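Asks: Fold the following.
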Amino acid sequence: MLTFEEKVSIIEEFDELDKKEVSLGRLNYHFEESKYDKKIVVYRLHPNGNGFVYTGELEDYPTDQKGMTNIKDFEAEDLRAIIRQSIDSLSMTQAEKNPVMEEWLNQHDQALVLMREEDGYNVYAEEQLEGTFNSYEEAVNFLEQEGFSRL
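Replies: Numbering: from 1, shown residues only. This is a model prediction of the structure:
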């Protein structure tokens, strides 16, 4: 298990993080360039070595209700990896994380393309925007009502 000082040294390798002192000698590290309201990557790093990393956008780690993973028993490379993944997950929009680009055809061989862009879904006929939708389900419903099927 890494000491508090060793964890701090590893965390401070990430220039994108800003250290914030909190109560009882604990430290938080913020990622101010986050694309989300969530900015804390390392939460309540305690002098006893306990602490948390935000992994709410990741699937590979067990999280608590706040999306945090306990890092008390992490080794150096595991700590570096989880912090990098956390920063990366907060650096990308949902569209960048989960791109969607699907081609849909109707019975007349007319094609439309469904694309995820920013926080919504757009349907295009070549370069012309045909519709903008808040969810994937709304876009699919529109396409199906218009007689299109996914390729």
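Asks: Need the CA coordinates for the helix or strand of the chain with the lowest mean pLDDT. PDB is fine.
Replies: For the chain, the helix or strand with the lowest mean confidence is helix 94-97, at a mean of 80 (criterion: mean pLDDT, DSSP states H and E). Taking only C-alpha atoms (Å, rounded to 0.1, in the frame of the first residue of the first chain), the coordinates of helix 94-97 have been written out as PDB:
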ATOM      1  CA  GLN A  94     -21.100  12.200 -24.300                       C
ATOM      2  CA  ALA A  95     -21.000  12.300 -28.100                       C
ATOM      3  CA  GLU A  96     -17.200  11.900 -28.000                       C
ATOM      4  CA  LYS A  97     -17.500   9.000 -25.500                       C
END
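Asks: Who does the next helix or strand after that helix pair with, and is each partner parallel or antiparallel?
Replies: Per DSSP states H and E, the first helix or strand lying C-terminal to helix 94-97 is strand 101-105. Sheet pairing here is set by DSSP bridges, and for strand 101-105 it gives strand 111-117 (antiparallel), strand 149-150 (antiparallel).
Asks: Make CSV out of these and add distance to Ser135, mean neighbour count and mean pLDDT.
Replies: Heads up, the C-betas are built off the backbone N, CA and C, glycines and all. Formatted as CSV, the entries for these read as follows, by distance: least, CB to CB, whole Å; neighbours: other CB atoms under 10 Å; pLDDT from 0 to 100:
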stretch, distance to Ser135, mean neighbour count, mean pLDDT
strand 111-117, 10, 17, 94
strand 149-150, 16, 10, 94
